[in-house]
Each structure stands twice: as structure tokens, then as C-alpha cells.
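> Starting from these lines, generate the structure:
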Amino acid sequence: MAIAIYDYCLTIAPEVELIWGRRWNVIRVTFTLTRYVTFIGAAMTTYAAVADRSGFKSVRLDSLFGEINLSDCFSV
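Model (predicted):
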């Protein structure tokens, strides 16, 4: 993440000059997505790593579907 922030800081001035003043087209959309999805993904990953899950209740699949044996799935 530090490298992405460093790269962003180094290239923000050329980005403002060369990209922000242009009309929206395929190239600008592609650039914007590849440029900013990294930060969104990093924020989501960080949130998932530090989020409080004390109220989360897990559901066991075997309690929903019963015991599943491989012999039931394949005729041997």
C-alpha cells in the first residue's frame, strides 16, 4: 500500500494536467479504474482484517444439509 501511495503522490501532477481536463472516453475510464480500484481494494481488505466480528454468527453447513458422504455422490 505504501508503494501505491508513493506512486500516487509522484504522479498526481501529471495526472491532473493530462487526464482530468479531458472528456470521458475509453482510455480515461480505463486509467481511472486502474488508478483508483487499488485504493478501494486496499481499504476493503484493511476493513475486513480489523473489523469487529463479535456479533457474527456462523452457520455450519452440515447442520443445514446433514452429513454428506462422498459415497453418496459417486457410485463406486
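
> ok, and for the lengthiest helix in the chain, which residues are buried?
Longest helix in the chain, counting residues (DSSP state H): helix 26-50. Buried residues in helix 26-50, defined by neighbour count with 16 or more other C-beta atoms under 10 Å: T38. Glycine gets a C-beta too; all of them are placed from N, C-alpha and C.

> what does that helix contact?
For helix 26-50, contacts defined as C-beta atoms under 8 Å, 6 or more residues apart in numbering pick out 1, 4, 8, 15, 19, 22.

> Mind doing that once more with 7 Å?
Helix 26-50 is contacted from outside by 1, 4, 19, 22, using C-beta atoms under 7 Å, 6 or more residues apart in numbering.

> And the furthest pair within the residues you listed?
Greatest spatial distance in the contacts of helix 26-50: M1 and R22, 28.2 Å, computed using C-beta to C-beta.

> So A4 versus T11, what's the distance?
For A4, the distance to T11 equals 11 Å [C-beta to C-beta, to the nearest Å].

> Next, count neighbours for I19.
Residues within reach of I19, counting by other C-beta atoms under 10 Å, total 14.

> Which residues are in contact with it?
I19 makes contact with 28, 31, according to C-beta under 7 Å, 6+ apart.

> And the pLDDT at it?
With respect to pLDDT, I19 scores 88.

> Same question for R60.
For R60, the model assigns a pLDDT of 61.

> Next, give phi and psi for W24.
With angles defined as degrees, to the nearest 10, W24 sits at phi -70, psi 130.

> what angle sits between the strand or helix carrying Y6 and helix 26-50?
In the assignment (DSSP states H and E), Y6 maps to helix 2-15. Interaxial angle, helix 2-15 versus helix 26-50 (axes from the mean of the first three to the mean of the last three C-alpha atoms, to 10 degrees): 150 degrees.

> Now do helix 2-15: which elements does it pack against?
Under the contact definition 3 or more C-beta pairs under 7 Å, 6 or more residues apart in numbering; DSSP states H and E, helix 2-15 sits against helix 26-50.
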